[in-house]
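> this one's structure only:
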């Protein structure tokens, strides 16, 4: 009989702990209820998914291109991670008011991929891709294609891929 009471107390304690942890996970940093679900019916997309700079000189420094992304769904989308395919490329997320929400690069090269950026329904943002043609040294000439990845909580399009291309010359 004593073993049954102890078992019931242990199970009840675990259930309470799980409830507290679940509730805390739905709160934001200010202690307010967060209405964004783990997955979203929102859809994050780009008007264009790639851009070709054409011929560029290795000596002329960094080049950049701004992709416009938009959430066309009825729910907010969270951009969980942003990262690039090469250390020579970075990506910045810029909101509608012009605030830079982070600079992201290739995983493993000191850049954190975690973004946690909310894109509300019908809101747009800019993804600025910056390519350094000299990053690979004087032998880094020829055709290049670099990718930027945005991982989201969208059920429809959980990973958005953007690309930049160029032919690097001396």
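Sure, I can see it. Note that this is a predicted model, so its numbers are computed, not measured.

> ok, which stretches of this structure are helices?
Using DSSP state H, the helices of the chain run over 2-25.

> how's it carved up into domains?
Per automatic domain parsing, the domain ranges recorded for the chain read 1-34, 44-169.

> list the contacts for residue 131?
For residue 131, the contacting residues are 53, 62, 63, 64, 88, 89, 144, 146, 164, 166, by C-beta atoms under 8 Å, 6 or more residues apart in numbering. For glycine as for every other residue, the C-beta is placed from the backbone atoms N, C-alpha and C.

> Could you save the domains of the chain as JSON lines and add columns showing mean pLDDT?
Below are the domains of the chain laid out as JSON lines (pLDDT from 0 to 100):
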{"stretch": "domain 1-34", "mean pLDDT": "58"}
{"stretch": "domain 44-169", "mean pLDDT": "95"}
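
> Can you tell me which of those domains is most buried?
domain 44-169 (a mean of 16; mean count of other C-beta atoms under 10 Å).

> roughly how far apart are residue 134 and residue 61?
8 Å (C-beta to C-beta, to the nearest Å).

> do the same with residue 70
30 Å.

> With residue 132 instead?
For residue 132, the distance to residue 61 (C-beta to C-beta) stands at 8 Å.

> swap in residue 135?
11 Å.

> try residue 131
Computed as C-beta to C-beta, the residue 131 to residue 61 distance reads 10 Å.

> what does residue 153 give?
As judged by C-beta to C-beta, residue 153 and residue 61 stand 36 Å apart.

> Likewise for residue 114?
29 Å.
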